[in-house]
Each structure stands twice: as C-alpha cells, then as structure tokens.
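Student: Predicted model, plus sequence, below.
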Amino acid sequence: MNSYYLTLVLKVDLEDKEKKALLDSITKKLLGEDGKMEKEDIWGSKDLAYPIKRQTKGDMVHFEITADPKNAKAIDKTLKLEEDILRYLLVRVKGQTLHALP
C-alpha cells in the first residue's frame, strides 16, 4: 500500500449531483477493496492561470489516500479519459505519513 495525493481541477459548470457522482466513482476506483481515504478537501472555485479547454475557472478538489499501486495505475488511465476533469495530479508520497505535512 502506498500513500498518494490526488488533486483535481473540475469544470465549474457541473451540477452538484454530477460532481459528487464523479468524485465517488473516482475514489471507489482508486481505493479499491483495501484503500483508505485519509483526507478530502474541497478547495472551491479558483481562477485558472490560463484557459484549459476554454475554461477560465475550475473547481479544485484534493484527496490524501492510501491505496494499492495497481489501482493508482488504473485511475490514471480513467482520469485521462474523463471529460469533466480539466487537469489532475496524482503523486505518490514517499517516506512520510500523509498528515505530517503542514
């Protein structure tokens, strides 16, 4: 099991139900059977530094999770294909616990 940070930039025009369904499906795939959600932060709507897919704002969501590396590879492929995600960053945390960071 590895620790990961996952940050998503979602389209602003998504309805709350669509956004929740999207986030639920992503976390289920990423966590798998043995994974654990350590933290979920919804950072809200932010102005983007430059337009991405003709969008100038994005909803930011950040997760701290512990998951199997096989699930991380599968979610990477899924995130690339999802149209409602403008950008994402999936980073493996090495040598420290997730909550030790400020």
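Tutor: Happy to help now that I have it. As the structure is a prediction and not an experimental result, all values here were calculated from the model.

Student: Which helix or which strand is home to Y4?
Tutor: Element membership for Y4 (DSSP states H and E) is strand 2-11.

Student: Can you tell me what sits against that strand?
Tutor: Outside strand 2-11, the residues that touch it by CB atoms under 8 Å, 6 or more residues apart in numbering are 19, 22-23, 26, 30, 38, 48, 52-53, 55, 58-69, 72, 75, 79, 84-93, 97-98. From N, CA and C alone the C-beta is placed, and that goes for glycine too.

Student: hmm, try it at 6 Å
Tutor: With contacts defined as CB atoms under 6 Å, 6 or more residues apart in numbering, strand 2-11 is touched by 58-66, 69, 84-93, 98.

Student: Mind checking which of those are buried?
Tutor: 58-61, 63-66, 85-86, 88, 90, 93 (16 or more other CB atoms under 10 Å).
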